[in-house]
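Visitor: Sequence first, predicted coordinates after that:
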Amino acid sequence: MAWTEKDIPDLSGRTAVVTGGNGGLGFQTALALAGAGAHVVVAARDPGRTTAAVARMAERYPAASLEVVPLDLGDLSVVKAAASQILGAHERVDLLVNNAGVMAMPQRTTVDGFEMQFGVNHLGHWAFTAHLLPALVRSPSARVVTVTSTARHRAGRLDPDDPHMTRNYGAWASYARAKMANLHFGLGLQQQFSRAGVPAASLVAHPGLSNTDLQARSVREGGAGWVGAFFEALTARSGMTPFEGARPQLRAATDPRARGGELYAPRYGSHGPPVRRPVLRRLDLQEHIDVLWEVSERETGIPLQVAPA
């Protein structure tokens, strides 16, 4: 039998944080976790959209335990404030789904001067996760799930001397590199947990071809070109629904059989039920992870090292 959200175990007493939980895959993820009994923190940027999303969740599950925390991954001061708010309200965080992201934007920068896609998709989540580490390691079985994409297969190397692509920016090249960073971050974080001997686990998921607003937004903003128009039409015609596309990250977050360092994705690459897929262990994988750690710590000024248990 294919895994679905009906296989999520009882999450009563668990605290889950979902970035970008006010729309698309994030909304479906937050909704399913709330339906399974978790207290869900919806960490998102747009206040109006978040209020509407939480109202829809409460309408679906009147007994749902929901909380809203403003989060703009493009501003490290807001990221820190959001994490501080969560830490102040919760002794532990049991699930963190690093879901939010942007795709194929025209060249622009975050508040902190980072290239927008690398800054939001990776560096913002890097900082958010690092700030939440105390609450994650206090959980007896925390999971961090970071959402990547098959676009990572087209990624070039992260250049430590030009991590923000100031010399040779391309909207899709930047997106692919950010999504590869998501993969390397998830694998590197699992290494940190393992070395420290803590019970937390870090996993990676990708949603396949899912028909969310991500494609349409990339076309509206003018950075995606004909490739974006093609994928917008393709996903509208044959993409999975957000409900279906959220299943890989939900399985990674909740399946008792899932283990740290694993990747969950649709069975057929872009479509299908969520299954564990092999992680391609290139010979230079560790080098890529090490470079990402070096660049991320340097650019954000925030170290991410898990203290031994």
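Guide: All right, it came through fine.
Visitor: From here on, just use CA atoms for contacts and neighbour counts.
Guide: Noted.
Visitor: Next up, the contacts around residue 141.
Guide: Under the criterion of Cα atoms under 8 Å, 6 or more residues apart in numbering, the neighbours of residue 141 are 94, 199-201.
Visitor: Which members of those residues occur in strands, if any?
Guide: For the contacts of residue 141, the ones inside strands are residue 201, with DSSP state E as the criterion.
Visitor: Next, format the contacts of residue 141 as TSV and append pLDDT and neighbour count.
Guide: Shown next, in TSV, are the contacts of residue 141 (pLDDT from 0 to 100; neighbours: other Cα atoms under 10 Å):
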residue	pLDDT	neighbour count
94	98	24
199	96	17
200	98	25
201	98	28
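Visitor: right, and out of the contacts of residue 141, which lies closest to residue 190?
Guide: Lowest distance from residue 190 to the contacts of residue 141 (Cα to Cα) belongs to residue 201, with 6.0 Å.
Visitor: just for the stretch 151-300 of the chain, where's the confidence low?
Guide: Judged by pLDDT under 70, the stretch 151-300 of the chain has its weakly predicted residues at 211, 213-239.
Visitor: For it, just list every one of the strands.
Guide: Using DSSP state E, counting those that start in this stretch, the strands of the stretch 151-300 of the chain run over 201-205, 263-266, 274-277.
Visitor: Mean neighbour count, those strands: which tops it?
Guide: Across the strands of the stretch 151-300 of the chain, averaging neighbours per residue (mean count of other Cα atoms under 10 Å) puts strand 201-205 on top, at a mean of 29.
Visitor: distance between that one and the chain's centre?
Guide: 10 Å (Cα atoms, centre = their mean, to the nearest Å).
Visitor: Could you do stretch 97-104 as well?
Guide: In terms of Cα atoms, centre = their mean, the centre of stretch 97-104 is found 6 Å from the chain centre.
Visitor: re the thing from before, could you dump the strands of the stretch 151-300 of the chain into TSV and include distance to residue 45?
Guide: Shown next, in TSV, are the strands of the stretch 151-300 of the chain (distance: least, Cα to Cα, whole Å):
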stretch	distance to residue 45
strand 201-205	22
strand 263-266	26
strand 274-277	28
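Visitor: so which of these gets nearest residue 166?
Guide: Closest to residue 166 of these, according to Cα to Cα: strand 201-205, at 28.3 Å.
Visitor: Can you pull out the residues in contact with that closest one?
Guide: Outside strand 201-205, the residues that touch it by Cα under 8 Å, 6+ apart are 141-149, 182-183, 186-187, 189-190, 193, 248-249, 252-253, 259-265.
Visitor: how about it as PDB, C-alpha atoms only?
Guide: What follows is strand 201-205 as a C-alpha-only set of coordinates in PDB (Å, rounded to 0.1, in the frame of the first residue of the first chain):
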ATOM      1  CA  ALA A 201      17.600  13.300  12.600                       C
ATOM      2  CA  SER A 202      17.900  15.400   9.500                       C
ATOM      3  CA  LEU A 203      16.200  14.300   6.300                       C
ATOM      4  CA  VAL A 204      15.700  15.700   2.800                       C
ATOM      5  CA  ALA A 205      12.600  15.600   0.600                       C
END
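Visitor: and the top helix by length along the chain, what does it pack onto?
Guide: Among the segments of the chain that qualify as a helix by DSSP state H, the longest is helix 171-196. Judged by 3 or more Cα pairs under 8 Å, 6 or more residues apart in numbering; DSSP states H and E, helix 171-196 is in contact with helix 116-117, strand 143-147, strand 201-205, helix 285-300.
Visitor: in it, what counts as buried?
Guide: Residues of helix 171-196 classed as buried under the neighbour-count rule (16 or more other Cα atoms under 10 Å) are 171-194.
Visitor: Kindly report the same for stretch 277-288.
Guide: Burial within stretch 277-288, assessed by neighbour count using 16+ other Cα under 10 Å, is assigned to residue 288.
Visitor: which outside residues touch it?
Guide: Contacts to stretch 277-288, defined as Cα under 8 Å, 6+ apart, come from residues 157-158, 184, 262-265, 267.
Visitor: And these, which is closest to residue 133?
Guide: Checking those against residue 133 by Cα to Cα gives residue 184 as the nearest, at 17.8 Å.
Visitor: surely that closest one meets residue 293?
Guide: No - with contact defined as Cα atoms under 8 Å, residue 184 does not count as touching residue 293 (9.2 Å).
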